[in-house]
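# Using only what follows, build the 3D model:
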Amino acid sequence: MSYNFRPVERDQQYLLPPSLRDWLPEDDLAWVVLDAVDQVDLGAIYARYRADGWGAPAFDPAMMTALLLYAYAIGLRSSRRIEAACRRDIAFRVISVNQVPDHATIARFRADHAEALGQLFTEILRLCAAAGMVEVGLVALDGTKIAAATSLDANRTADSLGAEIERMLIEAERVDAAEDAAAGADPDDAPPPALGRRSERLARFREARERLVSEETERRRAHEAMVADREAFRAETGHRAPGRDPRPFRPRPDREANPTDPDSRQMKVPKGWLQGYNAQALVASDGLVIAAGLTQQSGDVGQLEPLLRAATANLARAGVAREIGTLVADAGYWGEGNAALERADGPRFLIPPMTGLQRRPGSRRPLGPGRARMFQRLADPAQRALYRRRQAIVEPVFGQLKEIRGIRRFQRRGVEACAAEWQLACATHNLLKLWRHKGRSGSGGPQPDRRLIRKPHSVRSGAGHHCRWRD
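Next up is the predicted model:
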C-alpha cells in the first residue's frame, strides 16, 4: 500500500527565476500601494538626493515610500520589524523587490522625509476623489489622545530637573578628566558615542526646565497685567472694576515637564492620565479622513477652526469641487467663538452647547446668539438625528487606527515629528478605504468586504511566506 502525496522537495532548484507577480493575488493590498505610489508626487522626496550620479547607490525612494505606506497600513511601524518582514513576508518582498534595507536606513528615511511623507495625505485623498469617494455632505470632527514615546513617570519638576542637570554636568566633568588623564587631551578627537548621548539627554533636560520656567514667568506676567488693568480702571473711574479681584499670585513649583519628549503634555483620559498629544481628525460620511492635526492642548475647543481650514485646503488640492454641507462635533468643541465661525456660504454647524442637546426647562440664563441658534437647530428631530450620526462616522476611524492597527503610541518624539506620523497614519487609513472601494466596485479584482483590517501573519507556501488575513 502506498500513499499518494504531493512531493516535498525543498532542495529543488528553480529552472527559471520566479515572477514576483505569481506570489500575490492581483487584489492584494500591496499592489494597490504600489499603484498609488506610482501616481503620487514624490518630488519633495527626490529633491533631497543627488542628481549627478555620485556616491553609493541609495534605495529607490519610491520603493521606500511604498514600504512605509504598506507597513503603516497593516499596523507595522517598528523599523526592525519592517526589516525582518522584508526577509520573511511575501508582500514586503514584492514591494522591496527582494531587497532588504536595514532598520537604520528605514528609520533615517522616515525621519529625513517626515514632512514629505505627511504631505502624501493630500495625494492619497486625490486618488480617493478620482475613484468617486469623498462624501462631504456630512462630516464629523473629534479628537483622541495618543501616547508619546515616553513615560508619564519621566515627568520632573523644575527643581528636580535643575538638580539632575547639575549632577550630569559634574559627572561629565569627572569622566572627561579621567579620559584626558588616561589618553591625553586631543582637540581633534570626536566625542565618544556615550558622551554624545549624554549631551543630547542634557539638552532635553535643559529644554524641559526652560519650558517650566517660561510658563511660570508667563503666569506671573499675566497676573500682574490683570492687577494693573484693574488698578488703572479704579484710578480712572474711581470705582471698582467689574468682576472678582484676582487672588494673590501663587507659584506652582509642582508643575512638571517631560525631559524625554519635552513637547508632550499630560492629558486626561477616561482611565487616568496619559503623557502624549491630542490627535484630531475631520472625517467624511464615507469614513475618509479629510483633515488631520495634532495639538499639545488637551481640550478640543480650539481645534475646530484649524481643522476646518485644513479640510478646505485639502479638498481644493485633491480636486474635490463639492463643499462641506454640515459639520457635527461633540460638546467639547462648543464655544461662542466657534459658533461665530459659521458663515452663510460655509458648512452648517451642529455642536451641542455644554448643557446638552436641549435647554433645561425653566432656565433663566440669557442665551448668546450662537447658543440660541444651536438650541433652535437641535430642537428639530431631523437635525438631532443628523447629529447622532457623528459617533458612527468618526469613532470607527479611531477604533481602526488604535485598536486594529495598534497606533496607540507615537514612534518618534517632538510635536512636528508626531504630527507627520499622524498624517501618515491617516493617509494609510484612506489608502485602505481606497483598497476596499476598488474591491467592492470590481476594479481591483474580487475582494471581500472587510470592515476591519487585521494584522497579517506569515504562513509557508511553495514560494516562501505569504501574507494572509485573520478574519
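
# Going by neighbour count, which residues of stretch 107-122 are buried?
Ala107, Phe109, Arg110, His113, Ala114, Ala116, Leu117, Gly118, Gln119, Leu120, Phe121, Thr122 (16 or more other Cβ atoms under 10 Å). To be clear about C-beta, it is placed using only N, CA and C from the backbone, and glycine gets the same treatment.

# wait, what's in contact with the residue nearest to Gln39 when sequence neighbours are not counted?
Leaving out its chain neighbours, the residue that sits closest to Gln39 by Cβ to Cβ, 6 or more residues apart in numbering is Leu127, at 6.2 Å. Listed by Cβ atoms under 8 Å, 6 or more residues apart in numbering, the contact partners of Leu127 are Ala36, Gln39, Val40, Leu434.

# Tell me the one among the residues you listed nearest to Ala84.
Set against Ala84, the nearest of the contacts of Leu127 by Cβ to Cβ is Ala36 (24.2 Å).

# Can you get me a residue count around that closest one?
Applying other Cβ atoms under 10 Å, we find 24 residues neighbouring Ala36.

# So Ile290 belongs to a helix, correct?
No: assignment of Ile290 by DSSP: H, G, I helix; E, B strand; the rest coil gives strand, placing it outside any helix.

# Pull the number of nearby residues for it.
28.

# Ok, Thr312 next?
Residue neighbour count, defined by other Cβ under 10 Å, stands at 17 for Thr312.

# Can you tell me the closest non-neighbouring residue to it?
Per Cβ to Cβ, 6+ apart, closest to Thr312 is Ile324, 7.5 Å.

# looking at it, Val269 is touching Lys145, isn't it?
Yes: the criterion here is Cβ atoms under 8 Å, and Val269 meets it with Lys145 at 5.2 Å.

# low-confidence ranges in the stretch 1-150 of the chain?
For the stretch 1-150 of the chain, residues meeting the criterion pLDDT under 70 lie at 1.

# Could you pull out the helices in it for me?
Secondary structure of the stretch 1-150 of the chain (DSSP state H, counting those that start in this stretch): helices located at 29-39, 43-46, 61-73, 79-88, 90-96, 103-112, 114-130.

# Dump those to CSV, plus distance to Asp52.
Converted to CSV, the helices of the stretch 1-150 of the chain look like this (distance: least, Cβ to Cβ, whole Å):
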stretch, distance to Asp52
helix 29-39, 25
helix 43-46, 13
helix 61-73, 16
helix 79-88, 29
helix 90-96, 26
helix 103-112, 19
helix 114-130, 21
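
# Of all those helices, which one is nearest Phe398?
Each of these has some distance to Phe398 by Cβ to Cβ; the shortest is helix 61-73, at 15.7 Å.

# what sits up against the closest one?
For helix 61-73, the external contacting residues (Cβ under 8 Å, 6+ apart) are 29-30, 33-34, 36-38, 42, 45-46, 49, 77, 82, 85-86, 91-92, 95-97, 99, 101, 106, 109-110, 113, 117, 120, 405, 424-425, 427-428, 431-432, 453.

# Pick out the residue nearest the middle of the chain.
Trp422 (1.5 Å; Cα atoms, centre = their mean).

# list the buried ones in the particular helix or strand that has that residue in it?
In the assignment (DSSP states H and E), Trp422 maps to helix 415-441. By neighbour count with 16+ other Cβ under 10 Å, helix 415-441 contains the buried residues 415, 417-439.

# which parts of stretch 74-87 are buried?
So, applying 16+ other Cβ under 10 Å, buried residues of stretch 74-87: Ile74, Gly75, Leu76, Arg77, Ser79, Ile82, Glu83, Ala85, Cys86.

# How much space separates Pro17 from Asn98?
The span separating Pro17 from Asn98 equals 10 Å under the rule Cβ to Cβ, to the nearest Å.

# ok, these two, which is more surrounded?
Between Pro17 and Asn98, counted using other Cβ under 10 Å, Asn98 has the larger neighbour count: 11 against 6.

# List the contacts of the more buried one.
Residues near Asn98 by Cβ under 8 Å, 6+ apart: Leu20.

# Equivalent analysis for Arg108, please.
By Cβ under 8 Å, 6+ apart, Arg108 has no neighbours at all.

# where does Arg454 land on pLDDT?
Here the pLDDT value assigned to Arg454 is 40.

# err, Cys467, not the other one
The model's pLDDT for Cys467 equals 37.

# Please identify the buried residues of stretch 49-65?
Residues Phe59, Pro61, Met63, Met64, Thr65 are the ones in stretch 49-65 that count as buried (16+ other Cβ under 10 Å).

# Can you add distance to Pro248 and give those back as JSON lines?
JSON lines is the format used below for these (distance: Cβ to Cβ, whole Å):
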{"residue": "Phe59", "distance to Pro248": "62"}
{"residue": "Pro61", "distance to Pro248": "59"}
{"residue": "Met63", "distance to Pro248": "63"}
{"residue": "Met64", "distance to Pro248": "58"}
{"residue": "Thr65", "distance to Pro248": "57"}
